[in-house]
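# A predicted structure for the sequence below; I have some questions about it.
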Amino acid sequence: MGKWLCLVILAGIMCLTAAEMCPVRPVNCAELKELGMATEDGEYDLYPPILNGEAVFIYCHNMTGTPVEYLTLLNYNGGNHPNLGNKNCNGEGVSPIPANSGSSSFSKIRVDITTMEVDGADYTFAETTGKPIPWGQAADCYSIHYGGNKSPCGIKGLSVIDTTDTGLMLDPSITWQKTGWNGFAEVTKSTTGQTISLLCGGWCGGCKATGPLKLIVTTTDLITASPTSCMDVKENDFWAEDGDYVLFPDSLGDQGSTFYCHNMATAPQEYVPLSVPNTGQHPNIGNRNCNGETTSPKPELSGSSSFTKIRVHIKNMDVDRTDYTFATTTGKPVPYGEASDCYSIHYGGNKSSCGMKGDFTIDTTGMDFVIDPTLTWSAFGWNPFEEVNKTSNGRIVSLHCGGWCGGCRPDSLLTLSLA
C-alpha cells in the first residue's frame, strides 16, 4: 500500500499518513471518556464545534456515570436577596416575603457544551442559603420604584458575574430586563465585559437575561488604562486589595477621582472617602408640647450614625443611604442625608417653640464632589417640620428636622456631582 494508509477518523479528525500525528480533539466530556483519555473528574481541554476549534478548559463531572461539563470560576460569582424591606423608604424591616430571601456563591457553572449556554439554576457547585439565586439573576423585595424611577432608598438585590481568566465571557449582545412589580434594574459591565454587576429589585422584583446566557471565547484580556469601576481595577490586577484607586466613571466624563474599592476579593464596591465624618442623630428625648423634656415616646427609633465613607453606585453616582459599612452607629442607624426625631409637635406646619432635635450634616469639604445642588428634602411623619440649610458653595448641607414622630429625607436619589 506504500506509505498511504486507509483513512482513520478519530473525533472528527482525518489522518492520511502513518507519519502524521493524529490530533485528538474531544468535543465533550463523554467523548473524552469514550476515547479512554480520562476516567476521573477534573479539568480538561475540550474543543466544542460551536467555538470553531478553539480549546476551552472545562471541568468534567460525573465521569464514572454520565459526564457533564462545568466551567470553573476563578473569582467570586454569586448573588444575594436579603431579608430586608423598606417599602416607601420610611424605615427598614424584614422582607414582605422572607421565603424569597437567600444567596448563592458559585465555584463552577453548568455549561451545555453544544450551545455554550449556561444553566444558571444548577447549584451542584454552589454554596446556597435560603432560596438559591440563579447565576446571572438578581432580585429583592426591598422597595417600590414608582413609575420606573429608582426609589430613594435604592436596591439591595445584587449579583456578580465574573469570568476573568477563564478564556470565556458572556456574549456582549446579552441584555437584562426588569421583572416583578415596580422593579428597577442597573447592569454595569467592566470595560472588557468579563465582569458584570446586576443591581436589581422591586416589591418584589429583579432582573434576568432576555435570552440564553451564552458564553463565547474572550478575544483578548485587555488592560484598562482608565478604569471606570473597581471591577476594572480587579480585572487589571487579580491581586488588587481593598484601598484607594483613581477611577474614571462614565458619569464623570473624562474626570478621574479617588474612590475606595471595598470587597475586592469577591464583589468589588465603590465608596467615596469623606474628609470629615458626616453625622446624624435621632435622640432619645421628647417634649411633646414644650412643657418639659422626657424620654422619646418611641425609644426604639433613637440612634445615630457617623459616616467616614459612603457607598455610591458608580453608574450614576447615587449614594446608598442605608449602607453602614463605614459608619459608626448606635441604636437604630440614621440613614445618610436624613434627619428625624420624636421630640415635639409642630401644629399646623408651624415650628414648635422648643424646636427639633433630629439633625444630620452632609459635609463634602475637601472632596471632588458636592451633593446635586438641585436636590430638595421633604418632611415626613406626624406634624413634622424641616429646616434645610446649605452653604453658598454647596459643600455643607445641615438638616434640622423632626415631628411626633417625623423628620425629612431627600425627594429623590441623593446623587454626587463634580464640585
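Structure's in. What do you need? Residues are numbered from 1 along each chain as shown.

# Which pLDDT value does the model give the residue nearest the centre of the chain?
Against the mean C-alpha coordinate of the chain, by Cα atoms, centre = their mean, the closest residue is residue 158 at 4.0 Å. Here the pLDDT value assigned to residue 158 is 94.

# Then residue 2?
31.

# Could you measure from the residue nearest to the centre of the chain over to residue 309?
According to Cβ to Cβ, to the nearest Å, residue 158 and residue 309 sit 18 Å apart. Placement of C-beta: from N, CA and C, glycine included.

# I'd say residue 102 and residue 127 touch.
No - using Cβ atoms under 8 Å, residue 102 is not in contact with residue 127; the gap is 11.1 Å.

# of the two, who's got more company?
More crowded of residue 102 and residue 127, by other Cβ atoms under 10 Å: residue 102, with 18 against 12.

# And the protein, what are its domain boundaries?
36-222, 282-303+330-418 (automatic domain parsing).

# okay but residue 228 is in contact with residue 191, surely?
Yes - judged on Cβ under 8 Å, residue 228 makes contact with residue 191 at a distance of 6.4 Å.

# residues contacting the nearest residue to residue 112 once chain neighbours are set aside?
Of all residues not flanking residue 112 in the chain, residue 119 sits nearest, at 6.9 Å (Cβ to Cβ, 6 or more residues apart in numbering). By Cβ atoms under 8 Å, 6 or more residues apart in numbering, the contact set of residue 119 is 109, 110, 111, 112.

# For the second one, give me the pLDDT.
Going back to what we said before, that points to residue 110. pLDDT recorded at residue 110 is 98.

# any residues touching the helix or strand containing it, and which ones?
Using DSSP states H and E, residue 110 maps to strand 102-112. With contact meaning Cβ under 8 Å, 6+ apart, strand 102-112 is reached by 58-59, 68-73, 76-81, 117-120, 122-135, 215.

# out of these, which are buried?
Neighbour counting by 16 or more other Cβ atoms under 10 Å classes 58-59, 68-71, 73, 76-81, 117-120, 122-123, 125-126, 130, 132-135, 215 among the contacts of strand 102-112 as buried.

# low-confidence ranges in the protein?
Within the chain, the stretches with pLDDT under 70 are 1-23, 219-225.

# let's see 80
For the chain, the stretches with pLDDT under 80 are 1-24, 53, 191, 219-225, 235-238, 253-254.

# next SSE after the strand holding residue 110?
strand 117-119.

# tell me how far that following strand is from the chain's mean position?
From the chain centre to the centre of strand 117-119 is a distance of 22 Å (Cα atoms, centre = their mean, to the nearest Å).

# And for stretch 243-261?
17 Å.

# residues making contact with that stretch?
226-230, 232-234, 240, 242, 268-273, 309, 312, 314-317, 326, 368-369, 418.

# swap the cut-off to 6 Å and go again
Here stretch 243-261 makes contact (Cβ atoms under 6 Å, 6 or more residues apart in numbering) with 226-228, 230, 233, 268, 270-271, 273, 309, 314, 316-317, 368.
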